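Undergrad: Compute the structure for the input listed below.
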Amino acid sequence: MSLPESARVVIVGAGPAGLATAIVLATEKVPFVLVDALTENQNGSRAAVIHAYTLEQLDTYGLADALVNEGIHMRHVTSYDHNERPLINMPLGDLLQKHTKFPFANLIAQCEVERILCKHLEQLGGVIHRNKRVTSLREVNDGLEVGLESGETVRADYVVGTDGSKSVIRTAADIPFLDPATNRLSEASDDDVQVVLADAFLAEPFPPAVPLDRLWGGFSADGFFVLIPVKRAGKPHPPGTRPFRVAMTVPKGSASAAPDMEQLQILLNTRGPGHSTGNTAQIAEVATSSRYRVRSGLASQFVKRVGAGWVLLAGDAAHIHSPAGGQGMNIGLADGIALGRAIAAGTEDSLKEYEQKRRAIAGEVIAFVQRLTVGATNSWLQVPLLNSLRDWLVWGVTKLPGVANQAVWRMSGLVYRE
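TA: So this is what the prediction gives:
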């Protein structure tokens with residue numbers, strides 16, 4: 001499908017943030033064009049949880065029921081030390097029951113979230129123009145012009161960058177992407193924590209240590225290891241298997257760029273559920289795997305006037321951080337909803353309010369997950385005594401009155417409820 005020559009809004013990137021923005025605009029009858037570089041959804045389960053406050057916001061647009069139906073409702077957060085002794089056991093459901101319609105964390109692969117959002121957008125009459133790679137952004141007399149690899153151009157009043165951490169739109173608008181801790185440009189470094197992510201199908205029957213109603217989290221001298229059950233992972237299950245998301249920190253140089261099944265099995269055997277007894281799950285197939293460096297980044301502006309138009313950022317184009325705490329997809333979805341409302345309101349004040357609120361929240365989330373990441377991965381944890389001390393402190397602190405409540409309140413996102 002060819003692109004129109006002009007639109008009030010051009011959204012670049014059809015991930016969670018871009019889709020959420022488009023759904024709000026479609027609901028409010030604001031015309032837009034949504035483009036994405038990919039020919040189809042290829043995100044696997046890069047993220048795998050939607051928290052309570054995000055579900056509340058999505059419920060406003062008729063999306064929560066479908067997402068909840070496709071998810072696994074985690075009502076307990078349980079983590080273990082390197083010997084698989086319980087470190088953290090938070091009754092998520094009990095703590096949230098009186099405060100929200102969704103007293104759980106909804107475990108669901110990002111690809112399934114995007115599938116549900118795409119279907120809803122289509123029902124609203126929205127269209128995703130795929131295989132449309134944006135390469136440029138420039139000022140024109142009456143707004144902004146988005147240029148595509150195909151040679152097509154689209155003029156717009158608003159250009160929304162939801163095109164990920166390497167955002168073409170953010171770069172073209174000359175918006176600095178800074179590490180909040182140093183206020184310097186956010187760039188990859190040899191000191192960055194390395195994380196392996198994979199979508200894997202594990203063979204049934206599962207050993208007793210593998211939970212199917214919650215994630216399994218383990219801490220060791222090498223950092224964290226998380227195994228997350230999901231119902232679907234973007235492709236049919238091989239017979240006798242179930243899909244899981246695997247995420248773990250790894251020492252530098254210890255894993256390839258795309259770890260194969262053998263490498264992942266070794267990591268599962270040595271750090272995953274059941275490793276202390278030698279009774280671990282077996283990987284039947286690996287759908288996707290990658291290794292990347294964790295860094296923090298926060299755009300200096302989420303809203304920028306460029307000539308006669310506006311450049312607006314949301315999702316990973318506006319902020320990035322460690323996957324600890326499962327916040328990434330949630331903050332992106334919330335960004336998209338808030339940005340769609342701000343554009344629909346049609347005032348400069350509404351855009352500035354979006355920037356003020358969402359940038360402040362992004363900064364808080366980055367600081368929160370950075371503390372979690374440092375606590376799980378600091379190099380001093382290689383010293384056995386210090387590793388044990390960390391575990392003892394985590395166990396003791398989470399038993400203090402109010403600590404679990406505060407942690408759950410923040411993780412669920414309800415701390416940001418207005």
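
Undergrad: Sticking with Asp65, tell me its helix or strand.
TA: helix 64-69 (DSSP states H and E).

Undergrad: and if you look at Arg138?
TA: Secondary structure (DSSP H and E) places Arg138 in strand 134-140.

Undergrad: tell me which strands and helices that strand is in contact with?
TA: Secondary-structure packing of strand 134-140 (3 or more CB pairs under 8 Å, 6 or more residues apart in numbering; DSSP states H and E): strand 143-148, helix 168-172. C-betas here are computed from N, CA, C, even on glycine.

Undergrad: re the thing from before, show me how far the helix holding Asp65 is from its chain's centre.
TA: Distance of helix 64-69 from the chain centroid (CA atoms, centre = their mean, to the nearest Å) equals 18 Å.

Undergrad: again, but for stretch 141-160
TA: Between the centre of stretch 141-160 and the centre of its chain there are 28 Å (CA atoms, centre = their mean).

Undergrad: End to end on that stretch, go ahead and measure it.
TA: Counting by CA to CA, to the nearest Å, you get 19 Å between the two ends of stretch 141-160.

Undergrad: Could you pull up the contacting residues of Leu55?
TA: By CB atoms under 8 Å, 6 or more residues apart in numbering, the contact list for Leu55 reads 64, 67-68, 101-102, 106.

Undergrad: can you list the residues you listed in TSV and add distance to Gly413 and neighbour count?
TA: TSV is the format used below for the contacts of Leu55 (distance: CB to CB, whole Å; neighbours: other CB atoms under 10 Å):
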residue	distance to Gly413	neighbour count
Ala64	13	19
Leu67	14	22
Val68	15	18
Lys101	13	11
Phe102	10	24
Asn106	12	22
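
Undergrad: Determine which two of those residues are furthest apart.
TA: Maximum pairwise distance in those, criterion CB to CB, is 12.8 Å, between Leu67 and Lys101.

Undergrad: what's across from the nearest residue to Val140 once chain neighbours are set aside in the sheet?
TA: Nearest non-adjacent residue to Val140, counting by CB to CB, 6 or more residues apart in numbering: Arg155, 6.1 Å away. For Arg155, the beta-bridge partners under DSSP bridges are Ser6, Glu145.

Undergrad: How about the secondary structure of Gln406?
TA: Per DSSP: H, G, I helix; E, B strand; the rest coil, the secondary structure class of Gln406 is helix.

Undergrad: brain fart, Ile337
TA: Secondary structure, three-state DSSP: Ile337 is helix.

Undergrad: mind listing the helices for this structure?
TA: Using DSSP state H, the helices of the chain run over 16-27, 52-59, 64-69, 92-96, 110-123, 168-172, 261-271, 328-345, 348-377, 384-397, 403-411.

Undergrad: Name the stretch among these that sits most buried.
TA: With neighbours defined as mean count of other CB atoms under 10 Å, those peak in mean count at helix 16-27, which reaches a mean of 27.

Undergrad: Can you name every helix or strand that the helix holding Asp65 contacts?
TA: helix 52-59, helix 110-123.

Undergrad: what sits up against it?
TA: With CB under 8 Å, 6+ apart as the criterion, helix 64-69 contacts 50, 55-56, 58-59, 102, 106, 108, 113, 116, 119-120.
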